[in-house]
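Novice: Below is the sequence, then the predicted model.
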Amino acid sequence: MDLSAAVAAATATLRRRPSDLIPFYLLGTAVPVIARVGIFAALAGVYLHLELTGRLVTAREAIADLDLEPPDTQDPEAVRAWSESLTPAVEPLVTPTVVTLVAAGVVATVALAALSYAVASAGQLSAAFARLRGERGLVAGIAGARGRWATFLGLYLAELLLWVGVVALGSVAVGAAFLANPFVGAAVGVGAVLGGFVALAFVRVVFAFAPAAVVVDDAGFVGSIEGAGGFVRSNPADAAAYLVVAVGALVGVASAGSGLAFLGGGAVVALASAVVVAPALDLLKTVLYGDYRDAVAPVSAPEVRLREQFVGGVRRGGRELREFVRAAPGSHALAVGVAVGFGAVGWLAADPFVGGVTTSIERRLVGHVAPVAALTFFGNNWSVAVATALSGVGLVVPALSSLAFNGVALGATAALEENPAALAAFVAPHGLFEIPALVVSGALGVRLGVVSWRAFRGRATRERFADALETAFWVVVGIGALMAVAAAIEGFISPYYWRPFL
């Protein structure tokens with residue numbers, strides 16, 4: 001299969017029933033939310049330790065006597081004196097137990113990130129291969145995530161070690177040559193750069209197709225590398241073409257993100273990359289490798305036009321959102337309780353800083369450009385909602401921790417606000433849409449967590465879990481529509497309407 005036919009097959013597969021593939025790529029955006037549970041747990045342990053030992057009370061009393069407003073950074077002596085004045089407040093908070101807990105939290109976060117990424121990637125490639133065979137992608141993705149995550153983790157670690165090894169060997173060779181003779185060292189340096197580039201390109205292209213080999217051949221670690229190596233040797237043009245397309249796509253996304261960052265579209269580009277570019281590239285390499293193994297039967301493109309498909313999808317998202325809200329009152333009550341409860345925690349935690357540290361909605365709105373702000377708000381808020389909802393697959397806790405984190409942040413910000421009336425007036429119009437949307441995303445995470453736990457325990461079928469993931473996809477689309485309305489209000493109305501009255 002030539003590259004143009006492979007691109008057409010990948011595009012057609014992505015467009016035909018995207019809800020049977022994209023949920024696993026949305027799950028990829030939730031990896032940071034799942035991973036940070038480790039550091040959150042560590043910080044909770046730190047808080048309990050400091051509270052139970054009385055050190056937190058000592059720090060609060062010291063803070064009450066301090067001027068927390070930093071001096072002008074142009075005066076180094078004043079900055080140094082101010083930093084030293086904070087010592088009585090910081091010193092009680094640094095203990096061996098605190099250091100140990102934070103270190104353990106960092107290790108746990110890295111481990112959770114690696115594990116979650118491997119699980120999500122195994123599900124993504126398994127779902128992509130199933131869709132290319134006309135099978136249900138989410139069911140295959142669930143099976144692949146459970147059965148192949150260790151192989152994917154091994155492949156990622158092996159590629160990382162190879163990259164480190166190539167760079168280290170090149171650096172050692174160049175350094176040794178320079179010590180012997182600077183002119184020889186320069187020549188060796190040029191050769192090392194060229195050789196290293198070729199070696200790293202080969203490693204990247206082999207390990208790009210190794211995950212496809214895992215799912216197409218149902219291979220393990222060694223078998224997938226052998227299969228990918230055989231594909232590269234037999235189809236060097238296709239392998240090189242894929243590498244060029246992948247690099248071009250990444251450069252294009254980076255350029256679009258940089259260009260649209262000035263217009264507030266960076267978060268939108270990042271989310272689009274995760275749910276459009278990433279699955280398209282996975283489908284492309286899987287169809288190329290699958291055709292090499294004669295194992296795929298790509299579907300035809302849907303007859304409906306892209307615009308009609310998009311409009312129909314948004315409408316369905318709205319319907320699924322309404323049905324989910326009606327069907328899950330308990331999950332929504334739990335989400336509201338967590339958000340409100342941790343909002344109160346944030347308010348109380350900020351109390352020692354009231355008067356010394358301030359926030360101001362009026363200062364934050366200086367230089368506000370409505371269209372840029374609206375696009376920024378939409379991208380950021382929808383990304384948070386998507387990650388919160390899909391992170392619930394990690395057995396509920398990550399979704400609740402995301403709600404708790406946002407509740408603490410909002411509660412603390414409100415407590416430190418200089419003009420509470422202005423803040424309330426600013427939040428009220430768009431908050432009518434944004435806050436319920438975030439609560440729904442948390443409730444959706446709770447529902448997904450319950451279903452994933454039942455599936456893990458064998459009390460729910462993979463088909464039931466797949467149905468829940470597909471429903472979550474459409475609910476997230478509906479949440480996106482709510483966030484778009486909220487962002488438009490927050491950008492064009494919220495900053496202005498109250499100013500004549502306050």
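Specialist: Sure thing, it's come through. No experiment lies behind these values; they were computed from the predicted model shown. Numbering: from 1, shown residues only.
Novice: ok, for residue 282, nearest residue in space, not its chain neighbours?
Specialist: residue 128 (4.8 Å; Cβ to Cβ, 6 or more residues apart in numbering). Using the backbone N, CA and C atoms, a C-beta is placed for each residue, glycine as well.
Novice: That neighbour: neighbouring residues, count only.
Specialist: If you count neighbours by other Cβ atoms under 10 Å, residue 128 ends up with 32.
Novice: is it fair to say it lies in a helix?
Specialist: Yes: inclusion of residue 128 in a helix is indicated when DSSP: H, G, I helix; E, B strand; the rest coil is applied.
Novice: By mean pLDDT, point me to the weakest helix or strand of the chain.
Specialist: Counting by mean pLDDT, DSSP states H and E, the chain has its least confident helix or strand at helix 76-85, which shows a mean of 76.
Novice: My read is that the residue nearest to residue 282 contacts residue 281, right?
Specialist: No: counting by Cβ atoms under 8 Å, residue 128 stays clear of residue 281, with 9.8 Å between them.
Novice: Between the two ends of stretch 299-311, what distance do you get?
Specialist: Counting by Cα to Cα, to the nearest Å, the length from the leading to the trailing residue of stretch 299-311 is 22 Å.
Novice: quick revisit: how about the contacts made by the residue nearest to residue 282?
Specialist: Shown here is residue 128, whose contacts under the criterion Cβ atoms under 8 Å, 6 or more residues apart in numbering are 13, 21, 137, 215, 279, 282-283, 286.
Novice: So which of those residues are in helices?
Specialist: Using DSSP state H, the members of those that fall in helices are 13, 137, 215, 279, 282-283, 286.
Novice: As JSON lines, the residues you listed with neighbour count would be great.
Specialist: Below are the ones in helices among the contacts of residue 128 laid out as JSON lines (neighbours: other Cβ atoms under 10 Å):
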{"residue": "13", "neighbour count": "29"}
{"residue": "137", "neighbour count": "31"}
{"residue": "215", "neighbour count": "29"}
{"residue": "279", "neighbour count": "23"}
{"residue": "282", "neighbour count": "25"}
{"residue": "283", "neighbour count": "30"}
{"residue": "286", "neighbour count": "31"}
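Novice: Where does the prediction get shaky in the stretch 201-350 of the chain?
Specialist: Along the stretch 201-350 of the chain, the model assigns pLDDT under 70 to residues 261-262, 264.
Novice: who touches stretch 97-113?
Specialist: Contacts to stretch 97-113, defined as Cβ under 8 Å, 6+ apart, come from residues 31-32, 34-43, 45-46, 49-50.
Novice: now stretch 129-146
Specialist: Residues external to stretch 129-146 that are found in contact with it (Cβ under 8 Å, 6+ apart): 9, 13, 16-17, 20-21, 23-24, 119-120, 122-128, 212, 215-216, 283, 286-287, 290, 295-299, 455, 462-463, 465-466, 469-470.
Novice: For the least confident helix or strand of the chain, list every residue counted as buried.
Specialist: Along helix 76-85, the positions that meet the burial threshold by neighbour count (16 or more other Cβ atoms under 10 Å) are residue 82.
Novice: Would you mind listing the buried residues in the helix or strand containing residue 250?
Specialist: Counting by DSSP states H and E, the element that carries residue 250 is helix 236-261. Applying a neighbour-count criterion of 16+ other Cβ under 10 Å, one finds 238-239, 241-243, 245-246, 249, 253, 256-257, 260 buried in helix 236-261.
Novice: Can you classify residue 219 by secondary structure?
Specialist: Secondary structure for residue 219, judged by three-state DSSP, is coil.
Novice: tell me the contacts of it?
Specialist: For residue 219, counting by Cβ under 8 Å, 6+ apart, the contacting residues are 151, 213, 226-227.
Novice: same thing with residue 45?
Specialist: Residues in contact with residue 45 (Cβ under 8 Å, 6+ apart) are 101, 105.
Novice: change it to 6 Å
Specialist: Neighbour list for residue 45: residue 101 [criterion: Cβ atoms under 6 Å, 6 or more residues apart in numbering].
Novice: Just the pLDDT at it, thanks.
Specialist: Note for residue 45: predicted pLDDT of 95.
Novice: and residue 377, what is it in contact with?
Specialist: Each residue near residue 377 by Cβ under 6 Å, 6+ apart is listed here: 487, 490.
Novice: quick revisit: which elements pack onto the very next helix or strand once past the least confident helix or strand of the chain?
Specialist: For helix 76-85, the succeeding helix or strand toward the C-terminus, using DSSP H and E, is helix 87-90. Applying 3 or more Cβ pairs under 6 Å, 6 or more residues apart in numbering; DSSP states H and E, one finds that helix 87-90 contacts helix 55-64.
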